[in-house]
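K.L.:
The following block contains a protein sequence and its predicted model.
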Amino acid sequence: MNVLISYDVSTETVAGRRRLRKVAQACQNFGQRVQKSVFECSVNESQFEEVIRRLLDIIEKTEDSLRVYRLTEPRDKHVQVYGLDGKVDFEEPLVL
């Protein structure tokens, strides 16, 4: 399944800045950053549950916001990008 994860973490304190880094690192383990606080992830059901569990363990629910959207398949048919697009298609062969 394809999901979009967006977050807004309060960075007014040192602990908030630490949470922001941890949220970004957790998201990077499951997908790729498409904007500063937005990740596109292609995950199976167990990975989906794992990333949500990790993120909920990190965020402070009284200060931060986390949104998760399941994207309609096929994603490429429903997602339009204007301007720079740094997305890498991991389904295609990677040439280094």
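P.N.:
Yep, it's here.
K.L.:
where do the strands sit along this protein?
P.N.:
With DSSP state E, the ranges of strands along the chain come out as 2-8, 31-35, 38-42, 65-70.
K.L.:
Mean neighbour count, mean pLDDT and distance to residue 51 added to those strands, as CSV?
P.N.:
The C-beta positions use only the backbone N, C-alpha and C, and glycine is treated the same way. CSV is the format used below for the strands of the chain (neighbours: other CB atoms under 10 Å; pLDDT from 0 to 100; distance: least, CB to CB, whole Å):
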stretch, mean neighbour count, mean pLDDT, distance to residue 51
strand 2-8, 19, 95, 7
strand 31-35, 15, 91, 8
strand 38-42, 19, 93, 7
strand 65-70, 13, 95, 8
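K.L.:
Burial check on residue 23, number of neighbours?
P.N.:
Neighbour count for residue 23, taken as other CB atoms under 10 Å: 22.
K.L.:
check contacts around it.
P.N.:
With contacts defined as CB atoms under 8 Å, 6 or more residues apart in numbering, the neighbours of residue 23 are 7, 9, 55, 58-59, 64, 66.
K.L.:
How much space separates it from residue 74?
P.N.:
28 Å (CB to CB, to the nearest Å).
K.L.:
re earlier: including distance to residue 28, could the contacts of residue 23 go into JSON lines?
P.N.:
Compiled in JSON lines, the contacts of residue 23 are given as follows (distance: CB to CB, whole Å):
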{"residue": "7", "distance to residue 28": "12"}
{"residue": "9", "distance to residue 28": "15"}
{"residue": "55", "distance to residue 28": "12"}
{"residue": "58", "distance to residue 28": "13"}
{"residue": "59", "distance to residue 28": "16"}
{"residue": "64", "distance to residue 28": "18"}
{"residue": "66", "distance to residue 28": "15"}
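K.L.:
Which of these lies at the shortest distance from residue 40?
P.N.:
residue 7 (13.4 Å; CB to CB).
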